[in-house]
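Q: The following comprises the amino acid sequence and a computationally predicted model.
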Amino acid sequence: MCGIVGYVGNKQAAPVLINGLSKLEYRGYDSAGVAIIEEDILKVSKCKGRLANLEAKLEKAPIKGVVGIGHTRWATHGEPSDLNSHPHSNTKETISVVHNGIIENYIHLREWLTSKGYKFESETDTEVIPHLVDYYYDGNLEAAVMKAVSKMEGSYAIGVVTTYEPGKLVAVRKDSPLVVGVGKGEYFIASDIPAILNYTRDVYFLNDKEFVVMTSEGVKLMSDEGDEIKKDIFHVTWDADAAEKGGYEHFMLKEIHEQPKAIRDTMTSRIALGKDITLDKITITKEQIANIDKIYIVACGTAYHAGVVGKYVIEKLTRIPVEIDIASEFRYRNPIIDKRTLMIVISQSGETADTLAALREAKKSSARVIAITNVVGSSVSREADDVLYTWAGPEIAVASTKAYVTQLIAMYIIALFFAQNKKTVSDEAIEEIKEAMLSLPEKVEEVLTNKEVLQRFASKTYMHKDMFFLGRGLDYAVAMEGSLKLKEISYIHSEAYAAGELKHGPIALIEKGTIVIALATQEELFEKMVSNIKEVKTRGANVLAFAFEGNDTIEKTVDSALYLPRTNEILAPVLSVVPLQLLSYYMSIQKGCDVDKPRNLAKSVTVE
Ligand code: F6R
């Protein structure tokens, strides 16, 4: 997804912009560019490909100046190319714009501007913006941007600079993230905090349709009516180092190893033995909980898979019926929602367009919404009634790992919180689960020491084109996540099946040598799972199984087995997903894939 950085201050803008853009690489991009005001002249440098290409270009033809905007583009309108890269400028090359989002009425605006004599160079929706600003410019940049924005439909975070007012940068957002950094005599805009952390920890979060006007004198926040807005500064406490690789070969491997800490952090101050669960940003009352007659969990991708686990766990512990839905489906299927419906949205980034739209759909029908997100100040966190933050820290690798396990922890916390309020489970049973949760970080550490089986298995099987993941109950939910992880980073086709469903079709695909990953952690379903494994073994499958320590009878049936430390079996997903993440990682390494930035994927999907 596109990344924006902007700078006004006393440093040379180019290195600040490049540094900021490098911290946004995780969002996924296909081209990059900057526009800087050099002695009252607008200089633009942009090109397709990695940021390194832009750096090389800037080295050959440096741009000097202390005001500028930068962009990493993830193509939506028009293929990745030098011409379609941002920034985009007006024909006179006096106004330049970076944009994240989609201008839905750009065709209409393009025709209208063309009829006024404007000429377009690129295929992008963005290019209408500098022309619109040019059309409305009458000596005041913020007034022109406000008028331009009032004509635009869709989502946008934009940054604009002009040679007419060379010391100024104007930015605005709607449905796309944008933060404003406040330094000493220098100011920033960025799509995400890591881009500016090297320079400042003080930020403003902009709400939809709020503008910022910055000069070296300071920043002014404004509404779309032009009124000045006062806001509190948010002081970011996490460390810039948290966003670096910290000695690991890849961010993904680092993040897999950060899971014990992420789990511990997410439980901190919420789960303690002998104490009720308290959730500071959740204000739902006991009476409101008693009134809930249905829960929807809505999310996308990996977050959706955390929701599948949530469905099993919440239903088991609270006896409230839970529907789990993919956000892009939910928003268009006219779901049955009323005041007694609770919606839980899960989103690592808190900016996923479909999830946000589903949240708004539920709110329109008066449902209460709890957001589970990893990003403080993100759109879902601001629009939901209640928020439960996952404290995973910034996740840089595109493939989600530590965010997923913290989303699982959030699901357990919410299920226990409701069960405690509804008294659907005894206090002793709640204490037992809490105790088991508190020992999860050490158990994940233990799983992380057991890599050889996975490395060996990956080195023998990475050339396969297809794989299957099987499980029952919670194991099926984790199988779905394991399968997604493998597809994403190793490009191996895989399918996850509820093991009992196998004989209704997919078993036709099993032949000699087919790779099957089988999860068998659920005690009640263990024997049934072993029977399903036998069904694929007799047809020639090569099976790697995961089971709890002590269930070593499984070895008689499978080709390789990996044992997990025992825990309460509803918590098994937190342990069993870890070897699946590692397996995908080793497969990806063996195949020489770009682990942290898999092809065609973006970290944050802020368009539909
Ligand atoms: C997969 C992955 C994606 C995201 C999905 C939702 O590894 O990261 O499937 O889970 O795009 O993103 P968020 O959680 O930011 O809403």
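A: On my side now, so go ahead.

Q: Contact partners for the closest residue to the ligand within the stretch 151-300 of the chain?
A: Nearest residue of the stretch 151-300 of the chain to the ligand (Cβ to the nearest ligand atom) works out as C300 at 4.0 Å. The way it works is simple: take the backbone N, C-alpha and C, and place the C-beta from them, glycine included. Going by Cβ atoms under 8 Å, 6 or more residues apart in numbering, C300 touches I326, A327, S328, S347, T352, D354, T355, V605.

Q: Just among those residues, which is most surrounded?
A: Highest neighbour count within the contacts of C300, by other Cβ atoms under 10 Å: S347, with 34 neighbours.

Q: Need the pLDDT of that one.
A: For S347, the model assigns a pLDDT of 98.

Q: Count the residues that sit near D138.
A: With other Cβ under 10 Å as criterion, D138 counts 8.

Q: Checking my notes, it in a strand, right?
A: No: with DSSP: H, G, I helix; E, B strand; the rest coil as the criterion, D138 is located in coil rather than a strand.

Q: Give me the distance between it and the ligand.
A: Using Cβ to the nearest ligand atom, to the nearest Å, we find D138 at a distance of 40 Å from the ligand.

Q: And for A353?
A: From A353 to the ligand the distance is 9 Å (Cβ to the nearest ligand atom).

Q: Can you tell me the closest non-neighbouring residue to the residue of the chain found nearest the ligand?
A: When scored by Cβ to the nearest ligand atom, the chain has G301 as its residue closest to the ligand, at 1.8 Å. Closest residue to G301 apart from its sequence neighbours, by Cβ to Cβ, 6 or more residues apart in numbering: L484 at 6.8 Å.

Q: and after the strand or helix carrying that neighbour, which helix or strand comes next?
A: L484 belongs to helix 474-490 when assigned by DSSP states H and E. Using DSSP H and E, the helix or strand that follows helix 474-490 in sequence is strand 493-498.

Q: correct me, but V605 touches T355?
A: No: V605 sits out of contact with T355 when judged by Cβ atoms under 8 Å, with a separation of 9.1 Å.

Q: which residues sit in contact with the residue nearest to the spatial centre of the chain?
A: The C-alpha lying nearest the average C-alpha coordinate of the chain belongs to S349 (Cα atoms, centre = their mean; 3.7 Å). Going by Cβ under 8 Å, 6+ apart, S349 touches T373, N374, V375, S378, K603, S604, T606.

Q: Drop anything exposed from those.
A: T373, N374, V375, S378, K603, S604, T606 (16 or more other Cβ atoms under 10 Å).

Q: Those residues: which two are farthest apart?
A: Farthest pair in the buried ones among the contacts of S349 (Cβ to Cβ) is N374 and T606. Separation: 15.1 Å.

Q: Count the neighbours of the residue nearest to G301 for me.
A: L484 has 22 neighbours, counted by other Cβ under 10 Å.

Q: and the gap between it and A303?
A: Distance, L484 to A303, using Cβ to Cβ, to the nearest Å: 11 Å.

Q: Could you tell me the end-to-end distance of stretch 280-296?
A: End-to-end distance of stretch 280-296 (Cα to Cα, to the nearest Å): 22 Å.

Q: hmm, who's touching that stretch?
A: 269, 314, 320-325, 330, 335, 337, 339-344, 362, 367-368, 370, 385-389, 417-418, 421-422.

Q: Now list the buried members of those residues.
A: Burial by neighbour count, 16+ other Cβ under 10 Å: within the contacts of stretch 280-296 this picks out 314, 320, 322-325, 330, 335, 337, 341-344, 362, 367-368, 370, 385-389, 417-418, 421-422.
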